[in-house]
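Structure for the following, please:
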Amino acid sequence: MQEPDQSPCAKSFFMALTQRLEFRQSQALVMTPQLMQAIKLLQLSNLDLTAYVEGELERNPLLERSADTAGDGESASERGNAERREREVEAEAPDSVPERAPQIERESDDAEREAPELPPSQFGYSDLAPGAGRADGDYNLEAFVSAERTLADHLSQQLALATSDSIRRMIGQFLIDSVDEAGYLTTDLSFVAEKLGAPVAQIEQVLSLLQQFDPPGICARNLKECLAIQLRECDRYDPAMQALVERLDLVARRDFQALRRICGIGDEDLVEMIAEIRRLNPKPGLAFGSTLVQPIVPDVFVRPAPDGGFAVELNTETLPKVLVNQRYYTSISKNAKAQDKSYLSECMQSATWLVRALDQRARTILKVSTEIVRQQDAFFAQGVQHLRPLNLKTVADATGVHESTVSRVTANKYMATARGIFELKYFFTAAIAASDGGESHSAEAVRHRIRQLIEDENAESVLSDDTIVERLREAGVDIARRTVAKYRDAMRIPSSVQRRREKLSALRIAS
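Predicted coordinates:
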């Protein structure tokens, strides 16, 4: 019988397969169903939150609507019973969101800390969607159907890819929100400039960017501009076609003789041009018009305060108000069986946590929104050009919450101001250090300076990227050449060589 291999390699191989007992200590975050619920509630919009609370009201018999949100069809006795139950629960239930949130001063320090994690739940469900994750397999198949893409979503996604400038994004989003279902811009540019505190020329530049998006012809202000955009897209907007588009009234009256004289073309060319116009889409936005457009409901109101600052207030009209029916729980739990008592205990625990989670959600949104307003008060007072550098960490440190909490709060939340309605995430901008060690500059403000320097140049003194860097450093902005080139490309501004050629060509044509 051959002896087994006793080489060092074989010995190490057998030693590696030996069994041994080891103790290791590590830390891990245990996500209880209640904590997962609180996190989910924090990032829901008011509309989604209302839908979720409606599902909880149907599922949990110990939850009921607050008296001030009861339907108009309720009887006086029902409203009286609801008010009486509300007074009884106030001493036992957690603090709920006040009916009218007080105005919060800028330096308010009475905000509560984040809700602590409760003991692990004993009840079985942990998902937010009513009926999801049940053992009987009763799934809601509609929850797995993707939502239809809206025109605003389609344009917003293209805007995020077209520019990284937060100022241009804010202006672009404001214009996108003003586009009707047919794809036409319904707001006057001077009104937008007044609301945002930006020059009309900058609004027009952003509009020109939006008009390059898909579908062709989008964001036009009238039918002529819509057709012109589509003709430029296919390189057919020559002088004759331009004259034809300008006189669509003659096309409608079929006055071909006048059209031939205005366009300077023959009968055959005129027929071909009219047929080409008829193939265009006069309402490009209707391809996305089958989805019901929901109006934006602000979560927070920002109003000027008498002291010259700004008051921040929650939109409590959209917040669901629920109470725990303590009397019903006490009355039916006395004579209930052990299994029924276990079910009632689970319902009571779930209802109590929901009320507490709703209250904490409202407080956190108010706390984060107040800090955003404090950080960006120059924007509210002077306009979009005065956005300051702001990131999640700055707000998180000031409010005493985690960065992930700030990120969830700013998702799907809107702030109504005197300048319009803005999503909370739009107030977060990048920062560029100052060359003199002073206060840093907003990346959007630096882009605006670069754009102004290029717009003020002439053919004899076209600024190179190096020259722009020197000018900015003289103004106290510490920026690298590659950053200037990146910002210039993002704003679709050609290089200095291309700009010099274009300006010289324009001068020759003018002379």
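
Phi, psi for residue 218 please.
Phi and psi for residue 218, reported as degrees, to the nearest 10, are phi -70, psi 150.

ok, now how distant is the residue nearest to it when sequence neighbours are not counted from residue 411?
Nearest residue to residue 218, sequence neighbours excluded (CB to CB, 6 or more residues apart in numbering): residue 183, at 4.8 Å. Heads up, the C-betas are built off the backbone N, CA and C, glycines and all. For residue 183, the distance to residue 411 equals 27 Å [CB to CB, to the nearest Å].

Neighbour count for the two, which is higher?
For residue 183 and residue 411, the more surrounded residue by other CB atoms under 10 Å is residue 183, and the numbers stand at 24 against 14.

Let me see the contact set for that one.
Under the criterion of CB atoms under 8 Å, 6 or more residues apart in numbering, the neighbours of residue 183 are 151, 215, 217, 218, 219, 220, 226, 283, 284, 285, 286.

Model confidence at it, what's the number?
Residue 183 is assigned 90 on the pLDDT scale.

and what of residue 360?
For residue 360, pLDDT reads 88.

One more: residue 416?
pLDDT at residue 416 comes out at 90.

Please give the number of neighbouring residues around it.
For residue 416, using other CB under 10 Å, the count is 18.

got it, and the one 4 residues further on?
Neighbours of residue 420 under the rule other CB under 10 Å: 15.

Backbone dihedrals for it, please?
Dihedral angles for residue 420 - degrees, to the nearest 10 - are phi 130, psi -170.

With adjacent residues omitted, what lies nearest to it?
residue 195 (5.2 Å).

Now for that neighbour: which residues touch it?
Applying CB under 8 Å, 6+ apart, the residues near residue 195 are 174, 419, 420.

Quick check: buried residues in the helix or strand hosting it?
Residue 195 is part of helix 189-196, with elements assigned from DSSP states H and E. Within helix 189-196, the residues scored as buried using 16 or more other CB atoms under 10 Å are 189, 192, 193, 195, 196.

which residues are in contact with the next helix or strand after it?
Next along the chain after helix 189-196, taking DSSP H and E as the criterion, comes helix 200-210. Contacting residues not belonging to helix 200-210 are listed as 155, 159, 162-163, 167-168, 171-172, 175-176, 185, 189-190, 192-193, 196, 218-219, 492 [CB under 8 Å, 6+ apart].

Is it possible to mark the buried ones in these?
For the contacts of helix 200-210, buried by 16+ other CB under 10 Å: 155, 159, 162-163, 167-168, 171-172, 175-176, 185, 189, 192-193, 196, 218-219.

In the stretch 201-350 of the chain, where is pLDDT below threshold?
Scanning the stretch 201-350 of the chain for pLDDT under 70 picks out 289-294.

number of nearby residues for residue 332?
Other residues near residue 332 come to 14 when the count uses other CB under 10 Å.

what about it, distance to residue 341?
9 Å.

residue contacts, residue 230?
Counting by CB under 8 Å, 6+ apart, residue 230 has contacts 216, 217, 280, 281, 284.

on that earlier part again, okay, the buried residues of helix 189-196 in JSON lines with pLDDT next?
Shown next, in JSON lines, are those (pLDDT from 0 to 100):
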{"residue": "189", "pLDDT": "91"}
{"residue": "192", "pLDDT": "90"}
{"residue": "193", "pLDDT": "89"}
{"residue": "195", "pLDDT": "86"}
{"residue": "196", "pLDDT": "87"}
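
Which single one of the residues you listed is nearest to residue 61?
Nearest to residue 61 among the buried residues of helix 189-196 is residue 195, at 48.2 Å by CB to CB.

returning to that earlier point: return the subset of the buried ones among the contacts of helix 200-210 lying in helices.
The helices, defined by DSSP state H, take in 155, 159, 162, 167-168, 171-172, 175-176, 189, 192-193, 196 from these.

What about the closest residue to residue 53 other than its chain neighbours, how many residues nearby?
Distances taken as CB to CB, 6+ apart place residue 320 nearest to residue 53, at 4.0 Å, with adjacent residues excluded. Around residue 320 there are 19 other residues, counting by other CB under 10 Å.

what's the answer for residue 239, then?
Counted with other CB under 10 Å, residue 239 comes out at 9.

Repeat that for residue 248.
13.

For residue 378, pull up the helix or strand it's in.
helix 377-382.

Which parts of this structure are strands?
63-65, 300-304, 310-314, 322-324, 414-417, 420-423, 431-432, 441-442 (DSSP state E).

now residue 259: how far from residue 300?
55 Å.

Check residue 462 too.
Taken as CB to CB, the span from residue 462 to residue 300 is 46 Å.

what sits against the closest residue to residue 386 other than its chain neighbours?
Nearest non-adjacent residue to residue 386, counting by CB to CB, 6+ apart: residue 378, 3.9 Å away. Contacts for residue 378 (CB under 8 Å, 6+ apart) come out as 386, 387, 388.

Give me the neighbour count for residue 398.
Other residues close to residue 398 by other CB under 10 Å number 16.

helices or strands up against the longest helix that the chain contains?
For the chain, the longest helix by residue count, based on DSSP H, is helix 338-375. In terms of contacts (3 or more CB pairs under 8 Å, 6 or more residues apart in numbering; DSSP states H and E), helix 338-375 is packed against helix 33-43, helix 46-59, strand 300-304, strand 310-314, strand 322-324, helix 326-333, helix 392-399, helix 403-410.

Could you list the low-confidence segments of the stretch 351-500 of the chain?
By pLDDT under 70, the low-scoring segments of the stretch 351-500 of the chain are 430-442.

if you set the cut-off to 80 instead, what comes out?
Where the stretch 351-500 of the chain drops to pLDDT under 80, the residues are 384-385, 387, 429-445, 448, 459-460, 475-476, 478, 492.

Thought residue 51 was touching residue 57, still the case?
No - between residue 57 and residue 51 there is no contact under CB atoms under 8 Å: 10.9 Å.

does residue 375 really touch residue 394, like I thought?
Yes - in this structure residue 375 lies within contact range of residue 394 using CB under 8 Å: 6.9 Å.

Need the nearest residue in space to residue 364, chain neighbours excluded.
residue 409 (5.9 Å).

can you count the residues close to the one you found?
Residue 409 has 26 neighbours, counted by other CB under 10 Å.

Tell me who's in contact with it.
Residues near residue 409 by CB under 8 Å, 6+ apart: 42, 43, 364, 365, 368, 369, 424.

Skip the chain neighbours and tell me the closest residue to the last one.
In this case it means residue 424. With CB to CB, 6+ apart, the residue lying closest to residue 424 is residue 410, at 3.9 Å.

Could you measure from the one you found over to residue 481?
33 Å.

Could you give the bridge partners of the residue nearest to the spatial centre of the chain?
Residue closest to the average C-alpha location in the chain (CA atoms, centre = their mean): residue 423, at 4.7 Å. Here residue 423 sits in beta bridges with residue 414, going by DSSP bridges.

Tell me if I'm right that it and residue 372 touch.
No - with contact defined as CB under 8 Å, residue 423 does not count as touching residue 372 (11.1 Å).

Identify the contacts common to those two.
residue 415.

per-domain residue ranges of the protein.
31-98+296-428, 151-288, 431-510 (automatic domain parsing).

To residue 18, which of these lies closest?
domain 31-98+296-428 (36.4 Å).

Please tell me how far that closest one is from the chain's geometric centre.
19 Å (CA atoms, centre = their mean, to the nearest Å).
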